[in-house]
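Trainee: Got a sequence here, can you model it:
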Amino acid sequence: MGVFAVWQAHHGGAALSSADHTGLRRVLAEEAAAILALADRLDPAYDTLIDWILACEGRVVTCGIGKSGHIAAKTAATFASTGTPSFFLHAAEAVHGDLGMVTSGDIVMAYSYSGETDEVVRLFPSFRKIGAKTVIVTGRPESSAGRSADLVINVAVDREACPNNLAPTTSTTVMLAASDAIAVAVMERRAFTREDFAQFHPAGALGKRLLLTVGDVMRSGDDAPVVAPETPIAELLKVITQAGAGGACVVDPSGGLLGFVSDGDLRRWIVGGHSVHEGTAADLMSTGGATTSPDLLAFEALEFFQNYPRKIGEMPVLEDGLVVGLLMLKDLLRVGLV
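Mentor: Got it, this is the predicted structure:
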């Protein structure tokens, strides 16, 4: 008999049904209620901490161990990615040399729900000697850590969602929510923008959405077919094919856009009974179509393609009224914007 079967037999043999979400709903409801309860009893310490962080000339050092330590580490990552220099200091490693990373200009946010975690409590004299401001995020303001810290962030909850009221569940959820609220409040006070956010997230889909521009993706030079209006259609077809593009920009002698010829225009010309050996680009080109600029975010250009009234696969790229490249929908998809 397996371990789980033994457990079931000991507890009455009731199997857990994947369709019975009563327990899941209870936990979610209890944790949500605890967050709302905190929102209703925020005290001035939260505002003080936000003011401290905004005035901080050093870093926000989060510190903890165990479950609370995981929340502390996540909080440091949130601060660092939203404009507040921050790092996580593991409480057990701190006494083995890592305290050297803390300076007098820092704010230390220590995390311990009980406020009695020995690895955390024993660090306060060292933080005080260094000259850093100290904050304890705890559910027990009158604890040893609460009495040692310069500021107490109270995240007390009535009970854990754990049926035995033992495993950190509701308490860590409220810790995380309170930390997120503080970080976002600091962001808002700093007027932290999407562009600021992008500086710290250059990689992945998020970075591409916030940083990549049309100029980074567009085809230019020989890869962006450009022809004169008098270019014979046979030559036009050759230019488009060699570039591996879906059309060509028709320009005047100064490089200004006169029109655009798509491969669809070429097909319709041939289906209409014309030969590729007759006519010029001026006979095929359409005018007044969609264009874009090299400074537009590539993600915004993708949305433009998707929302354009008719299906298009290319757009001329203009700068100061002159053609500088060709943007193709397939190139936007290839760079991983979606």
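Trainee: And the residue nearest the centre of the chain, which helix or strand is it part of?
Mentor: Closest to where the C-alpha atoms of the chain average out (C-alpha atoms, centre = their mean) is residue 206, at 5.2 Å. Here residue 206 is covered by helix 204-211, with elements defined by DSSP states H and E.
Trainee: lowest-pLDDT helix or strand in the protein?
Mentor: The weakest-scoring helix or strand in the chain, judged by mean pLDDT, DSSP states H and E, is helix 3-10 (a mean of 46).
Trainee: can you list the domains in the chain?
Mentor: Domain ranges of the chain: 21-192, 214-334, per automatic domain parsing.
Trainee: Residue 190 is in contact with residue 54, correct?
Mentor: Yes: Residue 54 is within contact range of residue 190, at 7.1 Å (criterion: C-beta atoms under 8 Å). For glycine as for every other residue, the C-beta is placed from the backbone atoms N, C-alpha and C.
Trainee: Which parts of this structure are strands?
Mentor: For the chain, strands defined by DSSP state E occupy the ranges 60-64, 86-90, 107-111, 133-138, 151-154, 226-227, 247-251, 257-262, 314-319, 322-328.
Trainee: For residue 301, which of the ones you listed is the nearest?
Mentor: Of all the strands of the chain, the one in closest proximity to residue 301, counting by C-beta to C-beta, is strand 322-328 (6.2 Å).
Trainee: just checking, what packs against the closest one?
Mentor: In this structure, strand 322-328 packs against helix 214-217, strand 247-251, strand 314-319, with contacts taken as 3 or more C-beta pairs under 8 Å, 6 or more residues apart in numbering; DSSP states H and E.
Trainee: can you rerun that using 10 Å?
Mentor: The elements that strand 322-328 packs onto, with contact taken as 3 or more C-beta pairs under 10 Å, 6 or more residues apart in numbering; DSSP states H and E, are helix 214-217, strand 226-227, strand 247-251, strand 257-262, helix 298-307, strand 314-319.
Trainee: what about it, distance to the chain center?
Mentor: Here the centre of strand 322-328 is set off from its chain's centre by 29 Å, with C-alpha atoms, centre = their mean, to the nearest Å.
Trainee: and it with helix 298-307, angle?
Mentor: Angle, strand 322-328 to helix 298-307, by axes from the mean of the first three to the mean of the last three C-alpha atoms, to 10 degrees: 70 degrees.
Trainee: what mean pLDDT would you report for strand 322-328?
Mentor: Summarised as a single mean, pLDDT over strand 322-328 is 95.
Trainee: Can you lay out the domains of the chain as JSON lines showing distance to residue 199?
Mentor: Listed next are these as JSON lines, based on distance: least, C-beta to C-beta, whole Å:
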{"stretch": "domain 21-192", "distance to residue 199": "9"}
{"stretch": "domain 214-334", "distance to residue 199": "14"}
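Trainee: Lowest average pLDDT across those?
Mentor: Out of the domains of the chain, the stretch the model trusts least by mean pLDDT is domain 214-334, with a mean of 92.
Trainee: contacting residues for residue 93?
Mentor: 63, 65, 99, 101, 119 (C-beta atoms under 10 Å, 6 or more residues apart in numbering).
Trainee: Residue 81 versus residue 95, what's the distance?
Mentor: As for residue 95, its distance to residue 81 is 28 Å (criterion: C-beta to C-beta, to the nearest Å).
Trainee: about what we covered before: find residues that contact each of residue 54 and residue 190.
Mentor: In contact with both residue 54 and residue 190: residue 84, using C-beta under 10 Å, 6+ apart.
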